[in-house]
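J.: this is the structure alone, sequence omitted:
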């Protein structure tokens with residue numbers, strides 16, 4: 001298997017990216033409409049986006065996935081932080097160390113973007129992903145419980 005290579009996604013990649021996002025959302029049982037998905041992804045695709053980046057993942061000239069990094073800020077962690085908000089590989093690309101290489105790439109990119117800390121969420125039942133993230137150096141913050149409040153928009 002060839003090593004993955006990465007390309008920052010821009011608005012010309014929407015047609016390639018959105019089916020991957022839909023597949024990830026189906027896998028994770030995330031219920032967004034096609035329009036909601038598109039509206040959520042577009043702000044990440046401008047070259048000077050202040051909210052994050054998306055990279056398409058290629059093996060041998062074929063798109064096999066994507067990874068989205070979304071920026072925030074943490075007083076506790078003394079600077080810009082970011083969530084690996086979504087990381088998806090098509091089934092045929094899984095189990096081949098590509099995920100490990102994607103994480104190594106994202107960590108390097110985060111450092112170049114002055115990110116002090118990376119976070120991610122993983123399903124409690126997804127042992128394969130938890131093992132991958134642990135091996136890459138991500139630690140569970142058992143002292144904390146991620147909680148979310150969805151603010152209604154007008």
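T.: Happy to help now that I have it. Because the structure is predicted, anything quoted here is derived from the model rather than measured.
J.: for residue 59, give me its contacts.
T.: Counting by C-beta atoms under 8 Å, 6 or more residues apart in numbering, residue 59 touches 1, 2, 3, 4, 93, 98. Bear in mind the C-beta positions are built from the backbone N, C-alpha and C, glycine included.
J.: again, only this time at 6 Å
T.: Shown in contact with residue 59 (C-beta atoms under 6 Å, 6 or more residues apart in numbering): 2, 4.
J.: if I look at it, how far off is residue 47?
T.: As for residue 59, its distance to residue 47 is 25 Å (criterion: C-beta to C-beta, to the nearest Å).
J.: quick one: residue 110 from residue 11, how far?
T.: Residue 110 sits 23 Å away from residue 11, going by C-beta to C-beta.
J.: of these two, who's got more company?
T.: When neighbours are counted by other C-beta atoms under 10 Å, residue 110 and residue 11 differ, and residue 110 comes out ahead with 20 against 11.
J.: the host helix or strand of that one: what's the following helix or strand?
T.: Using DSSP states H and E, residue 110 sits in helix 98-112. The element immediately downstream of helix 98-112 (helix or strand, assigned by DSSP H and E) is strand 117-120.
J.: what's around residue 25, how many residues?
T.: Neighbour count of residue 25, defined by other C-beta under 10 Å: 16.
J.: what residues sit buried inside whichever strand or helix holds it?
T.: Per DSSP H and E, residue 25 falls inside helix 14-28. Neighbour-count burial for helix 14-28 flags 17, 20, 21, 23, 24, 25 (criterion: 16 or more other C-beta atoms under 10 Å).
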